[in-house]
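**Q** give me a 3D structure for the following:
(2 chains)
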Amino acid sequence: MIWLDTIVQGILLGGLYALFAAGLSLVFGIMRLVNLAHGDLIVLAAFLILTIVSALGLNPFLGALLAMPVMFGAGWLLQTYVLNRVLGDDILPPLLVTFGLSVVIQNGLLEGFSADSQKLSAGPIEAASLPLGPVTVGVMPLLTLISAILVIFALNQLFYRTRLGRAFRATSDDAVTAGLMGIRPRNVFAIATGVAMVVATIAALYLGMRANFDPTIGPARLIYAFEAVIIGGLGSLWGTLAGGIVIGVAQALGAAVNPEWQILSGHIAFILVLLVRPRGLFPRAND
Amino acid sequence: MTPSMKSSATKIVALIALIGLALVPVIGSRAMVQDLFMVLTMLVLALNWNMLAGFAGLVSVGQQAFVGIGAYGMFAAVILWGLDPLIGIVVGGIVAMALSIPVAFFAFRLNGAYFAIGTWVASETVRLLVAQWKALGGGTGTSLPKGTTKDMFGVDVIKDLIDGSSSAAADALTYWLALALAAATLLAGYMFLRSRMGLGLQAIRDNAEAAKSVGVDPTRLKALVFVLCAFGTGICGALLFIQITRVTPDAAFSVVDWTAFVIFITVIGGIGTLPGPIVGVIVFYALQRTLADYGTVYLIVLGLIGISVMLFARKGLWGMFSARTGIDLLSLRHPAPRRP
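**A** Numbering: from 1, shown residues only, chains lettered A, B, ... in the order given. Below is the predicted model of the structure:
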């Protein structure tokens, strides 16, 4: 029974990693951009929520709702004024610019908020749990997984059911031809990064409520997110959820054997999956 | 000036610089020796990373794996096998080269930008594995036994030569090794890039399909560069930690110290140019001295300069200088064959 419990906890943890990864997956799927600052942007969003919550005395969920438009704007500006300039065939400039951004955000937050650990307090819901058949699950981890599934469902709807989604897909397939049809790729990219930042805000909400955070934890979270995206298959959103769950379960199983092996077993699972399936579990057909 | 005069002028300038730097332990202060040691080791790391990212198109964010394993290889040689640290440096380089083979096997499956993530994950995995190595202190690390560096081969001779303490002599020895390593790395890089293989490498960077069509094998060449750079980086890591004398997994596999700084040095100086890392390391050192008291501000400034360079001057400070003045040191161009 302990094994079943461990696996369930791992799946729930995977929900958190999928939330971290969904924004990355979206941006990669549309513009082939690997954003090395994504983890730090999530931490930035967590500090934004914290500031709103402590200034207005709100519940973190409401705080996140207020933070979303701000982060959308930040993503839009970032893409329009910085990232659009470096997109192209050469992969080096976008990697190095987002890497620089990661260092700037991380140290900017250290300067502004110090290295102290912070937490978003959500009240009694944090400790609540539900008996679910043979295992008991925390309400907060369950809420995280449900949110991850909802976010990915919503992104898929956006992708395949709306006009904007059609523009996303057209630009992703062939930006030049999409431009001939009256779509402005740079605008589409800016909106996509804005949406990714909204998803990052949701990730930040759960990151902040479930554990302590400080300005330096971004890169460690980013690495799990990347593992989820790559395991899932580049550009597939449901694949990203599956990837997050693979990492979560591997970490939970590793930690059950020896607490020091938690992170290590996640990395090893990632390496093993890629050795067997170099393009991930659910790769898209065309790239 | 004719090209041959230019190249002999370059050689003379390089020789004077080399002699000047070599004399520092004899005429300079010990603090200066230690400072320049860090500068030279950063230069070696930057030269290696520049070769990978700037010439072979392999943007690795995991070079700290080779610094760290090089350092641990040296510590194992000294503590577990009782060897001289100088032999430990060679052991460190060989261990790093051996590690690079499985890393390459794994990371080369990932395309483009995801190669960066693959090397990063590989490096984290190695760090976590090394933290399980109880004989070398596990997660808390270990120190070189007291006096190890003073007993290194050659320290006694140097002690008489510079007329100082044993520790000063040990500093001088590691400094000279760093200087030799930097000079050798630069020279080897230049000769490699001027060679047939180097030409192939640059051809791949400029147009992979065209290069393949004339018989260049991209994967083989890139793997060769990856393994050789791991060797250089591992040797440099071992040398660094002889000077630091204490190793922990977090310090030895630090992504900020051994990869982030190195990336900024290369990008600011001029990625894909040979003098770039030299210019970059000078700017890096100047900034570090000026902003040392401000801690995080220093990193913010470095990051912003790096971003600006990528947005407005892709070839860095050296590229800008070279384009304005037409001066092209360590040129990789081949003159067109003369008409008969």
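**Q** who's in contact with stretch A:111-129?
**A** Applying C-beta atoms under 8 Å, 6 or more residues apart in numbering or on different chains, the external contacts of stretch A:111-129 come out as A:46-47, A:49-50, A:53, A:59-61, A:63, A:136-140, A:205, A:208-209, A:211-216, B:296-297, B:300. The way it works is simple: take the backbone N, C-alpha and C, and place the C-beta from them, glycine included.
**Q** filter those down to the buried ones and hand me the PyMOL line.
**A** Here is the PyMOL command that selects the buried residues among the contacts of stretch A:111-129 (16 or more other C-beta atoms under 10 Å in any protein chain shown):
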select buried, (chain A and resi 46+47+49+50+53+60+63+137+138+140+205+208+209+213+214+215) or (chain B and resi 296+300)
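**Q** strands - which of the contacts of stretch A:111-129 land there?
**A** Residues of those located in strands (DSSP state E): A:136-138.
**Q** who in the stretch 151-300 of chain B is up against chain A?
**A** The stretch 151-300 of chain B has residues B:255, B:260, B:263-264, B:267, B:271, B:296-297, B:299-300 near chain A, with proximity defined as C-beta under 8 Å from any C-beta of the partner chain.
**Q** so which of those wins on neighbours?
**A** Neighbour tally across these (other C-beta atoms under 10 Å in any protein chain shown): the maximum, 34 neighbours, falls on residue B:267.
**Q** wait, that residue sits on residue B:316?
**A** Yes. With contact taken as C-beta atoms under 8 Å, residue B:267 and residue B:316 are classed as touching, separated by 6.2 Å.
**Q** what do the two both touch?
**A** Contacts common to residue B:267 and residue B:316, judged by C-beta under 8 Å, 6+ apart, are B:280, B:309.
**Q** what about residue B:327, neighbour count?
**A** Using other C-beta under 10 Å, the number of residues around residue B:327 comes to 13.
**Q** what helix or strand is the nearest residue to it once chain neighbours are set aside on?
**A** Leaving aside its sequence neighbours, residue B:327 sits nearest to residue B:321 (C-beta to C-beta, 6 or more residues apart in numbering or on different chains; 7.1 Å). Element membership of residue B:321, judged by DSSP states H and E, is helix B:316-325.
**Q** may I see the buried residues of the helix or strand residue A:255 falls within?
**A** Element membership for residue A:255 (DSSP H and E) is helix A:237-257. For helix A:237-257, the neighbour count (16+ other C-beta under 10 Å) marks A:237-256 as buried.
**Q** what's near enough to touch the residue lying closest to residue B:219 once chain neighbours are set aside?
**A** The shortest distance from residue B:219 to any residue that is not its chain neighbour, by C-beta to C-beta, 6+ apart, is 6.8 Å, and that residue is residue B:108. Residues in contact with residue B:108 (C-beta under 8 Å, 6+ apart) are B:115, B:219, B:222-223, B:226.
**Q** next, give phi and psi for residue B:108.
**A** The phi/psi pair for residue B:108 (degrees, to the nearest 10) reads phi -70, psi -10.
**Q** cool, and residue A:88?
**A** On the backbone of residue A:88 - angles per degrees, to the nearest 10 - the values are phi 170, psi -170.
**Q** equivalent analysis for the one 10 residues further on, please.
**A** Comment: the main-chain dihedrals of residue A:98 come out as phi -70, psi -30, following degrees, to the nearest 10.
**Q** list the contacts of it.
**A** Taking C-beta under 8 Å, 6+ apart, we find residue A:98 in contact with A:33-38, A:83.
**Q** and it, how far is that from residue A:233?
**A** Look at residue A:98 and residue A:233: by C-beta to C-beta, to the nearest Å, they are 22 Å apart.
**Q** again with residue A:147
**A** 22 Å.
**Q** which residues in the stretch 1-150 of chain B form helices?
**A** Counting by DSSP state H, counting those that start in this stretch, residue ranges of the helices within the stretch 1-150 of chain B are B:3-27, B:30-49, B:64-75, B:85-107, B:113-130.
**Q** sitting in strands, which of the contacts of residue B:108 do you find?
**A** Applying DSSP E to those, no entry is found in strands.
**Q** buried among those? Make that a ChimeraX selection.
**A** Those of these that count as buried under 16+ other C-beta under 10 Å are selected in ChimeraX with:
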select /B:115,222,223,226
